[in-house]
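Asks: Show me the folded form of this:
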Amino acid sequence: MITAKWNGIEIAKSDRTVVVEGNHYFPKEDVDLSLLEASDKHTTCPWKGIASYYTIVAGGKKNQDAAWYYPEPKTEALMVKDRIAFWKGVEVTES
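Replies: Now for the predicted structure:
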């Protein structure tokens, strides 16, 4: 089971993550979406496509752009479709 926590609060928990480039991508349905706010940030990966971001809001604090996803990944990256990954201090651990 893989868990993502930030500020002492569990954001995601799944036994169905997909690891790409060392990052666990959680199925959207295994993420507490009530803790995420849409962000205006976007970046481009040459092989995955355009990433969109979420800000995590947990325990009265915000972690700006700490989660990302690919709404329309390129064909070679379809394994990350409908999945969310984390960074910027989010603890992703295996139990």
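
Asks: hey, where'd the strands end up in this protein?
Replies: If DSSP state E is used as the criterion, the strands of the chain fall at 2-6, 9-14, 18-20, 23-27, 36-45, 49-58, 61-69, 83-86, 91-94.

Asks: looking at these, which is buried most?
Replies: The densest packing among the strands of the chain, expressed as mean neighbour count by mean count of other CB atoms under 10 Å, is seen in strand 83-86 with a mean of 24. From N, CA and C alone the C-beta is placed, and that goes for glycine too.

Asks: what's near enough to touch residue 30?
Replies: Counting by CB atoms under 8 Å, 6 or more residues apart in numbering, residue 30 makes contact with 12-14, 16.

Asks: Ok, residue 91 next?
Replies: 3-6.

Asks: What distance do you get for it to residue 69?
Replies: If you measure residue 91 against residue 69 using CB to CB, to the nearest Å, the figure is 19 Å.

Asks: likewise residue 24?
Replies: Taken as CB to CB, the spacing of residue 24 relative to residue 69 amounts to 13 Å.

Asks: which residues are in contact with both of these two?
Replies: Contact criterion CB under 8 Å, 6+ apart; residues bridging residue 24 and residue 69 by contacting each: residue 85.

Asks: Can you tell me which of the contacts of residue 91 comes closest to residue 82?
Replies: Comparing the contacts of residue 91 against residue 82 with CB to CB places residue 4 closest, at 16.1 Å.

Asks: Against residue 51, how distant is the closest one?
Replies: With the distance defined as CB to CB, residue 4 ends up 17 Å from residue 51.

Asks: Nearest residue to the middle of this structure?
Replies: With the centre of the chain defined as its mean C-alpha position, the nearest residue by CA atoms, centre = their mean is residue 85, 2.3 Å away.

Asks: Settle this for me: that one is touching residue 24, isn't it.
Replies: Yes - between residue 85 and residue 24 there is a contact under CB atoms under 8 Å: 6.5 Å.
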